[in-house]
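Student: give me a model of this one.
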Amino acid sequence: SLERLAETREVIAQFELHQYHRAKGNTLEAIKWAMRAAEQDYPEAQRYLRETEFSATYYLQLGRWYESGEFVTRQMKSAVDFYNKSSDLKNPEAAFHLGELYETGARDIPKNPEVACAYYIKAAQQKHTESLPRLIPLVEALAKPELFYVLAEIYRTVLGNVPSAIREYKRAADRGHVDALTQLNNIASSDAESAYAIAQKYESEVELAGHLQKALIYYEVALKNGHGHARSRLKKLGLAGNVEAQYALHHHYLSQGNTLEAIKWAMRGEEKGHAALRGYLNTTQFNVAHCFQIAKWYESEEVVIKNI
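Tutor: Below you'll find the predicted structure:
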């Protein structure tokens, strides 16, 4: 029979079997016999595999067959080419497997964590569940701001996981990624709870230069959006002598129309040498009751050191 003849590596019989299955609409069998004929340099079979626009699923299967060596001799270059064609047609499984190959250096593929990241990202963006756990350690090991940013985008736009997105945007922003900082600020401005969470992350890293200042900024954003705990944190920092927290609380109470509390925090900040708060106390035309209260606070040491 024709199939028995094709199994003996008779190339014309292989290509005729390919044509038979192709005419019957049996694409996988047609591909299989074309691969066998192409391996023996049969031009029409090579042209069929090279020029036919298959679906993503068929390209994936071609890649698997060339990788496994099940029907032809293993050819990793062809396997990778077909996996890429499948990936380009939005097949997350193909992208994921390419990531595996480049991460591990399997099948004589050169190990390349950055290339692996790119494929895992492509798969994760299509909600491939196994990609994210493989992507995260690579991103952390490479520690590049653009990778933290892309990871944050996946968390936010694909998975809807804002807390994890905040963590990764912060990592990118801390490494100078401008778009990550913009996204962090947008999230903080639109949601008081997120602003408070960002502030807490920065406050937990006070040993790093500038991070306490950033914490204060986000606490103030959270406070403006009505977050009660943000006011408590600012008060704690202000009472500990942080002049920027004192200024933030002064500004908050002033905007709320609570003049006495605004004055109190201005007095604390002025004592620390804050020029704007000194200017507020020296130039504002307070009413008699406010002037009397300021005098009492200076006399009693309730708010600041006694200053008769």
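Student: mind listing what's buried in stretch 299-308?
Tutor: Using 16 or more other C-beta atoms under 10 Å as the test for burial, stretch 299-308 gives 303-304. (Each C-beta comes from the backbone N, C-alpha and C, glycine too.)
Student: so which strand or helix has Ala276?
Tutor: For Ala276, the element it lies in under DSSP states H and E is helix 275-283.
Student: look up the closest residue to Asn91, ignoring the ones flanking it.
Tutor: Nearest residue to Asn91, sequence neighbours excluded (C-beta to C-beta, 6 or more residues apart in numbering): Ala56, at 3.9 Å.
Student: show me the shaky parts of this protein.
Tutor: Low-confidence segments of the chain, defined by pLDDT under 70, span residues 306-308.
Student: in it, which residue is most central in space?
Tutor: Closest residue to the average C-alpha location of the chain: Ala152 at 1.6 Å, with C-alpha atoms, centre = their mean.
Student: that one and Leu184: what is the separation?
Tutor: Relative to Leu184, Ala152 is positioned 9 Å away (C-beta to C-beta, to the nearest Å).
Student: touching, the residue nearest to Asn91 and Asn84? I think so.
Tutor: No - Ala56 is not in contact with Asn84 according to C-beta atoms under 8 Å; the separation is 11.0 Å.
Student: contacts for the helix holding Ala276, please.
Tutor: If you take C-beta atoms under 8 Å, 6 or more residues apart in numbering as the criterion, helix 275-283 is touched by 246-247, 250, 263, 265-267, 269-270, 294.
Student: between these, which is nearest Ser1?
Tutor: Checking the contacts of helix 275-283 against Ser1 with C-beta to C-beta, the nearest one is Tyr247 at 90.6 Å.
Student: surely the residue nearest to the centre of the chain touches Tyr169?
Tutor: Yes - taking C-beta under 8 Å as the definition, Ala152 is a contact partner of Tyr169 at 4.3 Å.
Student: which neighbours do those two share?
Tutor: Common contact partners of Ala152 and Tyr169 (C-beta under 8 Å, 6+ apart): 180, 183.
Student: buried by neighbour count: which residues of stretch 175-186 qualify?
Tutor: Along stretch 175-186, these residues count as buried under the neighbour rule (16+ other C-beta under 10 Å): 177, 180-181, 183-185.
Student: need phi/psi at Glu10.
Tutor: When read as degrees, to the nearest 10, the backbone of Glu10 gives phi -80, psi 110.
Student: likewise Thr52?
Tutor: phi -70, psi 140.
Student: gap between it and Gly269?
Tutor: For Thr52, the distance to Gly269 (C-beta to C-beta) stands at 74 Å.
Student: tell me the contacts of Ser55?
Tutor: Ser55 sits next to Leu89 when contact means C-beta under 8 Å, 6+ apart.
Student: what's the neighbour count on Lys77?
Tutor: Applying other C-beta atoms under 10 Å, we find 10 residues neighbouring Lys77.
Student: ok, Arg22 next?
Tutor: Arg22: 17 neighbours (other C-beta under 10 Å).
Student: does it touch Ala30 like I think?
Tutor: Yes - with contacts counted by C-beta under 8 Å, Arg22 reaches Ala30, the gap being 3.9 Å.
Student: related to what we said a few turns ago, please work out how many residues are found near the residue nearest to Asn91.
Tutor: Around Ala56 there are 17 other residues, counting by other C-beta under 10 Å.
Student: likewise for the one 5 residues further on?
Tutor: The local packing of Gln61 (other C-beta under 10 Å) involves 18 other residues.
Student: make 702 the starting number, not 1.
Tutor: Let's use 702 as the start, then, which means that last one is Gln762.
Student: could you say which helix or strand holds it?
Tutor: Secondary-structure assignment from DSSP H and E places Gln762 in helix 757-769.
Student: what comes into contact with that helix?
Tutor: Under the criterion C-beta under 8 Å, 6+ apart, residues 728-729, 732-733, 736, 750, 755, 772-773, 775-777, 779-784, 786-787, 790-792, 794-795, 798, 808 lie in contact with helix 757-769.
Student: now do that helix: distance to the chain's middle.
Tutor: Relative to its parent chain, helix 757-769 has a centroid offset of 31 Å by C-alpha atoms, centre = their mean, to the nearest Å.
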